[in-house]
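Predicted structure and sequence below. I'll ask about it afterward.
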Amino acid sequence: MRTDVELHEETQKSDSGWERQIVVGICAMMKKSMSKPMTQILERLCKFEYITVVIFSEDVILNEPVEQWPLCDCLISFHSKGFPLDKAVSYAKLRNPLLINDLNMQYFIQDRREVYRILREEGIDLPRYAVLNRDPDRPQECSLIESDDHVEVNGEIFQKPFVEKPVCAEDHNVYIYYPTSAGGGSQRLFRKIGSRSSVYSPESSVRKTGSYIYEEFMPTDGTDVKVYTVGPDYAHAEARKSPALDGKVERDSEGKEIRYPVMLTAMEKLVARKVCLAFKQTVCGFDLLRANGHSFVCDVNGFSFVKNSMKYYDDCAKILGNIVMRELAPQFHIPWSIPTEAEDIPIVPTTSGTMMELRCVIAVIRHGDRTPKQKMKMEVRNPMFFELFEKYGGYKTGKLKLKKPKQLQELLDIARQLLADLGQHNDCEIEEKKSKLEQLRTVLEMYGHFSGINRKVQLTYLPHGQPKTSSEEEDTQKEDPSLLLVLKWGGELTPAGRIQAEELGRAFRYMYPGGQGDYAGFPGCGLLRLHSTYRHDLKIYASDEGRVQMTAAAFAKGLLALEGELTPILVQMVKSANMNGLLDSDSDSLTGCQRRVKACLHEIMQKDSCFSEEDFRRLAPTNSPSLVNSMKVVENPVKTCDQVYTLIQSLTSQIRRKLENPESADLQLYHSETLELMLQRWSKLERDFRSKNGRYEISKIPDIYDCVKYDVQHNSSLGLEDMRELFRLSRALADIIIPQEYGINKAEKLDIAYAYCLPLVKKIQLDLQRTHEDESVNKLHPLYSRGVMSPGRHVRTRLYFTSESHVHSLLNIFRYGGLLNEGKDEQWKRAVDYLGAVSELNYMTQIVIMLYEDNNKDPSSEERFHVELHFSPGVKGCEDEENVPLGFGFRPASVGVRVSVACRGWALCGCVLSETFTKASAYRRFHSCSWQPLEMKQSGLGSQCAGLFSTTVLGGSSSTPSLQDLACTQRKKLSSDSPCYLDGFEGCSMVPSIHPLETLHNSLSLKQMDEFLTDVCENGGDSRTSKGTPELHTHSHMHNSGPPSTVSSAGPSSPTADTVPHCDMGSRNSLMDQNSEEKFQLAVTPSDHPIKSLPSTLTQTQNMAYAPKKSGNTPRSQFPIRSSHLPHPDKHPGLRIPEAPNQNSNLADLGAGQAE
């Protein structure tokens, strides 16, 4: 490269032998022209035999007239802060050089309004948007109406979340506003400063000065795509973590933002071509959002280079050199011909070791620790309630749910008005009880603000009034129409629940390939890199309950190593599945079977006598050990309820005394609760548990256990007497009532389970089936995958966060639905025995299905795909450790496999595992099985996979670090004298840790699971009309793949097997999503009125970056671009630009409702 002075001196030479050179001028600010990417590219460009590069100095650009600027034949010039674009335009008019990037179009690129206009004219997909021009001369474009959860811009309504962008492209202060149902506030994006690119703000109001573009928020699963074109036939794409997610910029050891090249689909290549040509920018960068099965352009940056890619530098220099030579060589009579070198490159083979490959992870998870749920019912007849019911469309279905701030405010105003009328006129005709109205007002005024996450109200139309007097409402029955108002509050995710969910998310990384590595300072390298490169197809669903959604967000935060508040994560990463009953259920609408079960429970539990043998047969026909043990503890249900009631009375008396004591009256309890609020919830239970006739309301037992469990864990410092005894007795009662509410015998359990989770079962079956198909998966570009452990690996993850009812129901389906025959399958018999010993499905209970693929098997073979079923009862309770049933370990390993062999297999995967186990490993026995040494399963999990996974093995056990130790090691290695946190996570000793995953079965075939789920769906559809107990049978195909001792995903699982699958380093096509995965219409946001868009998706077709259609001038031999760098079109036809959009018809034909 030469400066302008050197070029002037050289042009003065009269050497007749000097060959005519094509001069390429670089006219940009010094910071840009001397940057590393520009320097790398220009060094390569200079190696073209007939090209000379001259860099205009910044002093000349800023201070000299254009007539004094150096002469050039080709000009590369682009605008940045401080650059005099007007002078560059004048120079181009004066000298008429070949322009690599058009200068006049760069004026348009500086105005987002013009950018969007051009994109729209080109037919390029954009997010739905509206422009707010605060221009006195254009009043028709300045209409803004702001509400709590939406804005109306010039008549166009945008529900939160929406994006607010300044019209000036140089202004990077872009705001994203979140709905109140997700916590409200906004995420404020800005140009990267250090390690931050955005911050969360509690401010929810839009800006009132300046002109902005308002656009629909596109859910992208937390990843953005940056596309860089070099001419219309080449585009390089990189994925990065979205700045809107948590604002933390991930940087490598050199301080560069971590990005990974990804493969563009055919349609995305067409978009790149259109952008390049429409803006007349040969070198151009733009941003893509992949959402809802489509790709949307949200910004065009103009001249942009990839920051750190030698391959891109090679390609860019070669393409630019070819463009220059093609356009200018003829007029300067420079000999130049199209080179004919091959453009072939081998596809990097899939990295697979001796193990099956993890293909799919499906997990159904209960929410984390919460505050006690509370509920109040009241019958209302005041006209104001009926007006509110009609206003929000309650008569359409006879039911209405109120969660939005505006709705709750209206209800609060009604309560205040009625109480005011009662205060002024004691004889006024207000039928509602004053005490109920006061409680309604008090609850609605809590927290000082409204959020659907904290409270909700349900109104149900009763055409003939309340049908039956309840223990709460003892008014005389009337025949007039009324509304049943049900107020629900509490049940919020606690700080402990957030920690549990986040730590479990971190531990889940270890389930994925390379999970033991380190990535940007975080463990779980494999999972994080999979997600960043679109090889991890992750979707997270949650029911519409706030505690469930926040659990999902906290889990995602831990899983993907995010930082900051949960609200941005919730909005972008969590899908609300309340549109079709996938994860929600109407608890007020009981089936006939549920009513019969509740009536039976109520009858048995009202007996003032010890349980008889007949009672045991009626209440525990499945002989569940945990249920039988609880019945033995209870003995006489009425006497036990008497004891519980007495203990509650004692408890409320103690709390009252503490309130009367000035020293303790203002005590602040856990999660900002006061003694007064604590007394309110216990007093309500005291009133509701026993009616005036002395009978006990059995349905209140779960609430009592809920409250005492909460106080034993979080408020034990109060020192209340007999709290442990109340906990013991209420737990024994709850261990009878709660599981049996979901059915007493097998037929009832299945009938109720179908009512709760049949849609979820169908969705799980679809998730497993879709893993076969791989034509529409986003792939990592193989040219750039050498630093990635497993470039061909695609893992599909579906996480479903829900409440206790769905977890109980799904487990009952697996346990009683006929998956396997206990009499013929010893492993399944042990699993059923273990499940029977589990007394409680506590917070963070997990049911996990893992699908593996054996590439050595024929694709049509039943042994090709392999399914494993795992389970964890969730958070550890307050019981002693010796009472906890022990499972058989996570993915129990074969005996004959030597650790060294397993480690060699891992080395092939690029994973790092320790060669030996700790000498301090302890062993535990389960029943009478003999101990067998713990071996490494070649499954993507090693000895470091602590805490999330049980350390027990079939026939024995070896201790590995618990989940709290995992939390320690991911931040700092504990020193030898560090304290051991036995009761919780490191740094959070009051937060109970989580039981490890236990394997229920590890040698199922995909065919077995698929046919079982099909049977469940068919039986579930017929359950409403069938009578009697459905036949629990085992189909003949269930053991076609071999007995329980056949090879699991890591090799043989039989204690006598001693073989290991051979290492296969061959390439293969990964299996993943099709373009249409789910036909469920799911909402994207947790709001009750979600944005009318489909859920986020990563289903795109596989294609590599552009290769130039024509080769240009061949540089000198030292030019570092080899012919092998570019793919051959005959071998990879997907590399070319599609002739017409219908070449990617699988995307074009993607229907609404199928994009998931």
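Right, received. Where do you want to start?

what helix or strand is the residue nearest to residue 394 when sequence neighbours are not counted on?
Of all residues not flanking residue 394 in the chain, residue 400 sits nearest, at 3.5 Å (CB to CB, 6 or more residues apart in numbering). For the C-beta atoms, the positions are set from N, CA and C on the backbone; glycine is no exception. In this assignment (DSSP states H and E), residue 400 forms part of strand 399-402.

Using CSV, write out every CA atom in the next helix or strand after that strand.
Downstream of strand 399-402, the first helix or strand assigned by DSSP H and E is helix 405-424. Extracted in CSV, the C-alpha atoms of helix 405-424 (Å, rounded to 0.1, in the frame of the first residue of the first chain):
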residue,chain,number,x,y,z
PRO,A,405,-53.5,-3.4,35.4
LYS,A,406,-56.3,-1.4,33.9
GLN,A,407,-58.8,-4.2,34.7
LEU,A,408,-57.6,-4.7,38.3
GLN,A,409,-57.7,-0.9,38.8
GLU,A,410,-61.4,-0.9,37.7
LEU,A,411,-62.2,-3.7,40.1
LEU,A,412,-60.3,-1.9,42.9
ASP,A,413,-62.4,1.3,42.2
ILE,A,414,-65.6,-0.8,42.5
ALA,A,415,-64.5,-2.2,45.8
ARG,A,416,-63.6,1.3,47.1
GLN,A,417,-66.9,2.7,46.0
LEU,A,418,-68.9,0.0,47.7
LEU,A,419,-67.0,0.3,50.9
ALA,A,420,-67.4,4.1,50.8
ASP,A,421,-71.2,3.6,50.3
LEU,A,422,-71.3,1.2,53.2
GLY,A,423,-69.4,3.6,55.4
GLN,A,424,-71.8,6.5,54.6
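
tell me what helix 405-424 is packed against?
Applying 3 or more CB pairs under 8 Å, 6 or more residues apart in numbering; DSSP states H and E, we find helix 405-424 packed against helix 383-391, helix 434-444, strand 455-462.

what is the mean pLDDT for it?
The predicted model assigns helix 405-424 a mean pLDDT of 89.

before we move on, what about stretch 678-685?
For stretch 678-685, mean pLDDT rounds to 91.

now do stretch 123-140
Averaged across stretch 123-140, pLDDT comes to 88.

Can you name the residues in contact with it?
Stretch 123-140 is contacted by residues 113, 116, 119-120, 141-144, 153-154, 156, 158, 163, 167, 209-218, 271, 274-275, 278, 289, 294-298 when judged by CB atoms under 8 Å, 6 or more residues apart in numbering.

returning to what we had before: which neighbouring elements make contact with the strand holding residue 400?
Packing contacts for strand 399-402, counted by 3+ CB pairs under 8 Å, 6+ apart, involve strand 455-462.

next SSE after the strand it packs on?
Downstream of strand 455-462, the next assigned helix or strand under DSSP H and E is strand 482-490.

Buried residues, the helix or strand that that next one is followed by. List them.
Downstream of strand 482-490, the next assigned helix or strand under DSSP H and E is helix 495-508. Under the neighbour-count criterion of 16 or more other CB atoms under 10 Å, helix 495-508 has 496-508 buried.

Next step: the contacts of stretch 123-140 restricted to helices.
If you go by DSSP state H, the contacts of stretch 123-140 have 113, 116, 119, 120, 271, 274, 275, 278 in helices.

Pick out the most distant pair among those residues.
Among these, the pair separated by the greatest distance (CB to CB) is 113 and 271, at 19.9 Å.

So which of the two has more stuff around it?
Shown here are residue 113 and residue 271; by other CB atoms under 10 Å, residue 271 has more neighbours (24 against 17).

just checking, residue 463 touches residue 481?
Yes. Using CB atoms under 8 Å, residue 463 is in contact with residue 481, at 5.3 Å.

excluding its backbone neighbours, what's nearest residue 837?
Leaving aside its chain neighbours, residue 837 sits nearest to residue 885 (3.6 Å; criterion: CB to CB, 6+ apart).

Work out for me the element that neighbour sits within.
Secondary structure assignment for residue 885, by DSSP H and E: no helix or strand.

That one: what's it in contact with?
Taking CB under 8 Å, 6+ apart as the contact definition, residue 885 lies against 834, 837, 838.

Then residue 670?
Residue 670 makes contact with 494, 714, 715 under the criterion CB under 8 Å, 6+ apart.

Could you rerun that using 6 Å?
Residues near residue 670 by CB atoms under 6 Å, 6 or more residues apart in numbering: 714, 715.

Also residue 189?
Counting by CB under 6 Å, 6+ apart, residue 189 touches 174, 198, 243.

buried set for the strand or helix carrying it?
Take DSSP H and E as the rule and residue 189 turns out to sit in strand 186-193. Applying a neighbour-count criterion of 16+ other CB under 10 Å, one finds 186, 187, 188, 189, 190 buried in strand 186-193.

will you turn those into a markdown table that also has distance to residue 1021 and pLDDT?
Putting those into a markdown table (distance: CB to CB, whole Å; pLDDT from 0 to 100) gives the following:
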| residue | distance to residue 1021 | pLDDT |
| --- | --- | --- |
| 186 | 45 | 94 |
| 187 | 44 | 92 |
| 188 | 49 | 93 |
| 189 | 48 | 91 |
| 190 | 53 | 89 |
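
and these as JSON lines, adding distance to residue 605?
As requested, these are exported to JSON lines (distance: CB to CB, whole Å):
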{"residue": "186", "distance to residue 605": "51"}
{"residue": "187", "distance to residue 605": "51"}
{"residue": "188", "distance to residue 605": "55"}
{"residue": "189", "distance to residue 605": "57"}
{"residue": "190", "distance to residue 605": "61"}
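
Out of the residues you listed, which is nearest to residue 236?
Minimum distance to residue 236 across the buried residues of strand 186-193 is 23.6 Å, recorded for residue 189 (CB to CB).

Can you say which of the contacts of stretch 123-140 are buried?
So, by 16+ other CB under 10 Å, the buried ones in the contacts of stretch 123-140 are 113, 116, 119, 153, 156, 158, 163, 167, 211-218, 271, 274-275, 278, 289, 294-298.

Which of these fall within strands?
Among those, the members falling in strands (DSSP state E) are 153, 156, 158, 163, 212-216, 289, 294-298.

So which of the residues you listed is the closest to residue 1004?
Checking these against residue 1004 with CB to CB, the nearest one is residue 294 at 36.2 Å.

bridging residues for that closest one?
The partner list for residue 294 in beta bridges (DSSP bridges) reads residue 291.

Give me the distance between it and residue 116.
According to CB to CB, to the nearest Å, residue 294 stands 17 Å off from residue 116.

Looks like the residue nearest to residue 394 contacts residue 459 (just checking).
Yes. Counting by CB atoms under 6 Å, residue 459 is a contact partner of residue 400 at 4.4 Å.

rewinding a little: how confident was the prediction at the residue nearest to residue 394?
pLDDT for residue 400: 92.

What ranges does the stretch 651-800 of the chain have for its helices?
Per DSSP state H, counting those that start in this stretch, the stretch 651-800 of the chain carries helices over the ranges 675-689, 701-714, 723-740, 746-770.

need those in JSON lines with mean neighbour count, can you?
Below are the helices of the stretch 651-800 of the chain laid out as JSON lines (neighbours: other CB atoms under 10 Å):
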{"stretch": "helix 675-689", "mean neighbour count": "18"}
{"stretch": "helix 701-714", "mean neighbour count": "23"}
{"stretch": "helix 723-740", "mean neighbour count": "21"}
{"stretch": "helix 746-770", "mean neighbour count": "22"}
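
Burial check on residue 548, number of neighbours?
Residues near residue 548, counting by other CB under 10 Å, number 32.

before we move on, what about residue 665?
The tally of other residues near residue 665 (other CB under 10 Å) stands at 12.

which residues touch it?
Contacts of residue 665 by CB under 6 Å, 6+ apart are residue 659.

now it: how far from residue 659?
Note on residue 665: its distance to residue 659, by CB to CB, is 5 Å.
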